[in-house]
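1. can you look at this prediction? I've put the sequence above it.
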Amino acid sequence: MMKTTLQKIYMGLIFLFLYAPIATLMVLSFNASKTRAKWGGFTLKWYQSLFQNDVIMQALWNTLAIALLSAVISTVIGTIACISLQAMKRKARTISLGIANIPMLNADIVTGISLMLLFISLGIKFGFLTILMAHITFNIPYVILSVMPRMKQLNPHTYEAALDLGASQLRAFFKVVFPDLLPGILSGFLMAFTMSLDDFIITHFTKGPGIDTLSTKIYTEVKKGIKPEMYALSAIIFVSVLILLLLVLLLLLILSLLRILLRFLLLFFQFFNFLLQFFRNTFLTFAFNLCSALSVAFSSLPSTFAICT
């Protein structure tokens, strides 16, 4: 009893330290007063002011575009990398996975400076493209981390059976392998999108003049002084990520229920086919025996009639 109570208190403290600052930001975003020490009443004017600020809205669209594009591209590349890693021998796969995990263990500032120096040496102009390439680079290991466990759980014989039945390699992949990988792919996409959405250090080193994301724009605005619009912006980001997470979880739940329903329907049709075959065979056997008996009876009628005569 005491142990359970301490566990609940411990978990409560963890959630308090995690979400108390976020709750404070959300409450202050509705405060009519500019000062944090006084409650001036409920208002939505900071949200109105935020959406009327063209600079912040441009930073928002840049952030969403970079996060979405980098998440999609890194998910595709990471999934293909997992398929290639699974086809390797064990020793080569272990070495390759260790190399792929290095960017996750590396400090963000080291990755940011390294990418900045790489773009300078290649003569690439800093801007939207350099931020996108940098985000794809550090998102790929997270996608591999999410997809690889699902890849290891696959049964390779199902894919080989699909090939033996005449399916092409592409069709066999999308019909057999892809449905089993889909939860890991969605998890990797969500992780890549979230990592790209809230990145600051790597974006700061790889962005050019005239382009900002939300993280770099908030950093610039905070240096000038904290404005209430920043509270509203932070609240919108948190709610958006939370809604996205809930939608992905709902999608995974729906996909799981559909897979269970399809398996149930498959079993039902198999049972129905079994009953149909059983009754058909029973009827055919009965009809055959009846015809045999009738043929024997009719064939013996002349001899029986002759004997009786």
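-> Thanks, I have it. Note that this is a predicted model, so its numbers are computed, not measured. Residues are numbered from 1 along each chain as shown.
2. how about the helices of the stretch 151-300 of the chain, start to end?
-> 156-164, 169-172, 178-197, 201-206, 214-224, 228-308 (DSSP state H, counting those that start in this stretch).
3. could you list the low-pLDDT ranges of this protein?
-> The chain contains residues with pLDDT under 70 at 1, 36-37, 278-281, 283-309.
4. from the centroid of it, which residue is nearest?
-> Nearest residue to the geometric centre of the chain (Cα atoms, centre = their mean): Leu186, 1.2 Å.
5. test my guess that it contacts Leu252.
-> Yes - in this structure Leu186 lies within contact range of Leu252 using Cβ atoms under 8 Å: 6.4 Å. Bear in mind the C-beta positions are built from the backbone N, C-alpha and C, glycine included.
6. for the residue nearest to the centre of the chain, which non-adjacent residue is closest in space?
-> Among residues not flanking Leu186 along the chain, Val248 sits closest, at 5.7 Å (Cβ to Cβ, 6 or more residues apart in numbering).
7. my guess is that neighbour contacts Ile185, does it?
-> No - using Cβ under 8 Å, Val248 is not in contact with Ile185; the gap is 11.0 Å.
8. more crowded one of the two?
-> Ile185 (19 against 16; other Cβ atoms under 10 Å).
9. check the gap between that one and Leu6 for me.
-> From Ile185 across to Leu6, the span is 39 Å (Cβ to Cβ, to the nearest Å).
10. what do you get for Ala20?
-> For Ala20, the distance to Leu6 equals 21 Å [Cβ to Cβ].
11. cool, and Leu214?
-> Counting by Cβ to Cβ, the gap from Leu214 to Leu6 is 39 Å.
12. more neighbours: which of the two?
-> Leu214 (23 against 10).
13. got a list of what the more buried one touches?
-> 56, 59-60, 63, 197, 233, 237 (Cβ atoms under 8 Å, 6 or more residues apart in numbering).
14. what does the helix or strand hosting Ile113 rub up against?
-> Taking DSSP states H and E as the criterion, Ile113 maps to helix 108-122. Under the contact criterion Cβ under 8 Å, 6+ apart, helix 108-122 has outside partners 103, 126, 130, 133-134, 137-138, 199, 201-206.
15. any idea how far it is from the middle of the chain?
-> Relative to the centre of its chain, helix 108-122 is centred 29 Å away, using Cα atoms, centre = their mean, to the nearest Å.
16. could you export it as PDB, CA atoms only?
-> What follows is helix 108-122, C-alpha atoms only, in PDB (Å, rounded to 0.1, in the frame of the first residue of the first chain):
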ATOM      1  CA  ASP A 108      23.000  19.200 -31.800                       C
ATOM      2  CA  ILE A 109      25.500  22.100 -31.900                       C
ATOM      3  CA  VAL A 110      28.100  19.800 -33.300                       C
ATOM      4  CA  THR A 111      25.700  18.500 -36.000                       C
ATOM      5  CA  GLY A 112      24.600  22.100 -36.800                       C
ATOM      6  CA  ILE A 113      28.200  23.400 -37.200                       C
ATOM      7  CA  SER A 114      29.200  20.300 -39.200                       C
ATOM      8  CA  LEU A 115      26.300  20.800 -41.600                       C
ATOM      9  CA  MET A 116      27.000  24.600 -41.900                       C
ATOM     10  CA  LEU A 117      30.600  23.900 -42.800                       C
ATOM     11  CA  LEU A 118      29.500  21.300 -45.300                       C
ATOM     12  CA  PHE A 119      27.100  23.700 -47.000                       C
ATOM     13  CA  ILE A 120      29.800  26.400 -47.100                       C
ATOM     14  CA  SER A 121      32.400  24.000 -48.600                       C
ATOM     15  CA  LEU A 122      29.800  22.900 -51.300                       C
END
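17. buried residues in that helix?
-> 108, 111-112, 114-116, 119 (16 or more other Cβ atoms under 10 Å).
18. all helices for the stretch 1-150 of the chain, in order.
-> Assigned by DSSP H, counting those that start in this stretch, the helices in the stretch 1-150 of the chain fall at 2-28, 45-51, 54-87, 90-105, 108-122, 128-152.
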